[in-house]
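In: Any chance you could fold what I've pasted below:
(chains A and B)
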Amino acid sequence: MNIFLLYLLLLKGTVTAFAGQASLPVVQDALVIQHHVLTNEQLNEAVVITRSTPGPVGLYVVSVG
Amino acid sequence: MSGDAKEAREAPTLGQIGGVFARYANFTLGGGSATVAVLHRELLDKRHWLNTDNFMLCFALARLTPGTNLLAFCTGVGWLLRRFPGAVVALLASSVPCTLIVVLATALFSHWQENHWAQAAIHGAIAAAVAITVKTCWTIAHPHFKGRARLRVVLVAAAAFLLYVAVGLPAIEVLLLAAVVGAFLPPVRA
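Out: All right, here's what the predicted structure looks like:
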C-alpha cells in the first residue's frame, strides 16, 4: 500500500475519533475490510502490543503501520 | 471552583518540562487515563506547576479534541507552562519515546507471543493498569463530588455512560450534551 494513502487512512481514523482507541472501527473498516492490507488478528495484535507498552493507547496506529 | 488553595509556582524551564513528560507520559502503563493520574500527582501535588483549575481545563479541552487525548493534554499543559515552546517540548517529549517503544515491541511481538512468562507479565500489568484507570476517574470527579452536587455528578455520569455504552452515541456528542445540560442546570452550593 502507498505510504501516503496509509497516512491518509490513519489520519482519517484519528481525526474523527475523540479517544485513543475510538478510531479502531474506522481503521478496521479502511485497512481490513476495504483495502485488505491487514487482518483482524494483526489489528488485534497491534492493540494488545500498545496496551501492553507504556504511553497512549492511540499509538496502536504506529503498530498498525 | 475547587478547594485547592495552592497557586502555581514560577514557570519551569523547557528542560524540566521535557524531563517530566518524557518520564511520566512514556513510562506509565494503562493508557491516557492512567498517565493523567500520574501527571496530576507530579504537576500539582509535587511540583505545583499548575493549579487544579488549569489542570482540569486542559483535561476537558483534550477530551473535546480529536485524536489521542493524552497528547493533546500534554501539549495543552506545555502551552500553559511556557506557551508555544513549552507545547512543542511537551508534545515531543510525551510522544517520541513511547512511539519508539511501540515500534520495538511490534518488532519483537512474534517472539514474545510464544513466551509464557512474558504473556503472564503483560496480563499482570494490564490488571494493574485497570486499577490505576479507576483511580483516575475518582481524581477527576473528586473536586466536584461535594454536598448536594453529589447526586448531580452521579446522574450526569450515569446518563453519559448509558448514552455512550448502551445507546452507542459518539463520545463527542455525549460530552457536548453534558456541557449543554451543565450550562442549563441551576448552580448548586457544595
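
In: residues contacting the residue in chain A that chain B sits nearest to?
Out: Closest contact between chain A and chain B, by Cβ to the nearest Cβ, is at residue A:55 (2.7 Å). Every residue, glycine included, has its C-beta placed from N, CA and C. By Cβ atoms under 8 Å, 6 or more residues apart in numbering or on different chains, the residues touching residue A:55 are B:25, B:26, B:27, B:28, B:35, B:70, B:95, B:97, B:98, B:99, B:101, B:102.

In: Drop the exposed ones from those and show what's left.
Out: Buried subset of the contacts of residue A:55 (neighbour count, 16 or more other Cβ atoms under 10 Å in any protein chain shown): B:25, B:26, B:28, B:35, B:70, B:95, B:97, B:98, B:99, B:101, B:102.

In: pretty sure the fifth one is in contact with residue B:34, am I right?
Out: In this case it means residue B:70. No - using Cβ atoms under 8 Å, residue B:70 is not in contact with residue B:34, being 9.5 Å away.

In: Return only those of the buried ones among the contacts of residue A:55 found close to chain A.
Out: With Cβ under 8 Å from any Cβ of the partner chain as the criterion, those include B:25, B:26, B:28, B:35, B:70, B:95, B:97, B:98, B:99, B:101, B:102 near chain A.

In: Could I get the buried residue list for the helix or strand where residue A:8 lies?
Out: Element membership for residue A:8, per DSSP states H and E: helix A:3-15. By neighbour count on 16+ other Cβ under 10 Å, the buried set for helix A:3-15 is A:6, A:9, A:10, A:13, A:14.

In: again with stretch B:102-120
Out: By neighbour count on 16+ other Cβ under 10 Å, the buried set for stretch B:102-120 is B:102, B:103, B:105, B:106, B:109.

In: Secondary structure and pLDDT for those - can I get that in CSV?
Out: CSV is the format used below for those (DSSP: H, G, I helix; E, B strand; the rest coil; pLDDT from 0 to 100):
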residue, secondary structure, pLDDT
B:102, helix, 86
B:103, helix, 89
B:105, helix, 85
B:106, helix, 84
B:109, helix, 76
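
In: Quickly name whichever of the residues you listed is closest to residue B:187.
Out: Each of those was scored against residue B:187 by Cβ to Cβ, and residue B:102 proved nearest at 44.7 Å.
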